[in-house]
Structure formats: structure tokens, C-alpha cells
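Colleague: Sequence and predicted structure, then a few things I'm wondering about:
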Amino acid sequence: MIILGIDPGSRITGFGLIENHANRIEYIHSGSIRISGDSLPQRLGHIFNEVEAVIRQYRPQQMGIENVFMARNADSALKLGQARGAAICAAHQAGLEIAEYAAREVKQSIVGTGAASKEQVQHMVRRLLGIRLSLQADEADGLAIAICHAQFYATRQKTGIDASLLKRRGSRRR
């Protein structure tokens, strides 16, 4: 099964594709979509078209995407949410199963701590996938999201428990 991971951004959207085998994951491709366009609708259309092109070329069955987190700037969070929406629409139109993951959840899955740095995530993604070349932060994040999704999918397959229930239960604060 091929999984597409998306790290949405209003200026750069990172993506990564992996193949999830029963006992290993394999790197397929990764990159960054540099957002162009003068107006917001043009930029969102660009994200949609580029994600759609990646889906057409590599034919993933599932997609993981990072959730919006509320930063200090509400306007930035709104733009990020709109970028996510464009990517989600492209995946939905292609019939992909879509799952959303919090940044801390992805870091926990890849590095073992939700407080991991970008450099730690990049390092672990390269090790897990056997990539020798350096990765840009956005594409490493896209791959990390794909790996995180593969792990949740494997849990669901092994236990028969819906992984979204595990996520919700694990994210509750007491």
C-alpha cells in the first residue's frame, strides 16, 4: 500500500510517499510544492493541482496530513487550514482514505518524544527509510506523517481496533 504524507503550508507544502509492506516501509519519493500565485484562490488552486498531480503519478491509496495547530498568529493558522483544505480536497476527489495527525503525535511516532526538534525528525526519517541524501525540512515532515500513518494503520490491522479510537483516547488530558 502506498501512503502519501502531507505537511501543509501556505508558502511550502512538503510531501512524502512510502510503500507500507507487512514488515517494513520503503521510500518512494518526496519533495516540496513551492506555492505560487498572487491571490489566495490562486495559491490554494496551485496546492490542489500539485497534490492532484502527485496522486495521479504515484497512485497512493491513503494519505496522512498534519492537523492545524493554533500558533501565536491566528491569520497564519487560518491560511494553514486553507492549505490543508486544498490538499484534503485533492485526496478526497481521488478517493484516498485520509487521516489527520497532530504534530506532537507525528514526532512521538518517529522520534519517541512529542517535543522532538525538526533536526531529530529529519535524522530519524532518513534512518527509518535508509535515505543517505539530506532532506528539506518540509519533505522530511511529509515523510514523517506518512510513516506515522503507516504505524497507525499497522496497529489497526493487527488489533482490529480503529486507530482513530486509539488516537482520541491517547490524546485526552486528565
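Modeller: Arrived safely, thanks for sending.
Colleague: can you pull the contacts of residue 26?
Modeller: Contacts of residue 26 were listed using CB atoms under 8 Å, 6 or more residues apart in numbering, and they are 18, 19, 129. C-beta: built from backbone N, CA, C; applies to glycine.
Colleague: Could you provide these in TSV, with additional columns for distance to residue 27?
Modeller: Shown next, in TSV, are the contacts of residue 26 (distance: CB to CB, whole Å):
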residue	distance to residue 27
18	6
19	8
129	4
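Colleague: Just the buried ones from these?
Modeller: 18, 19, 129 (16 or more other CB atoms under 10 Å).
Colleague: hang on, the earlier thing: quick check, nearest of the contacts of residue 26 to residue 155?
Modeller: residue 18 (16.3 Å; CB to CB).
Colleague: Show the pLDDT at the closest one.
Modeller: In this model, residue 18 is scored at 98, pLDDT.
Colleague: Same question for the one 10 residues further on.
Modeller: Listed pLDDT for residue 28 reads 97.
Colleague: Now do it against residue 124, distance only.
Modeller: Residue 28 is 18 Å from residue 124, where distance means CB to CB, to the nearest Å.
Colleague: And residue 68, by the same measure?
Modeller: Residue 68 sits 24 Å away from residue 124, going by CB to CB.
Colleague: pretty sure residue 111 is in contact with residue 118, am I right?
Modeller: No: counting by CB atoms under 8 Å, residue 118 is not a contact partner of residue 111; they are 10.5 Å apart.
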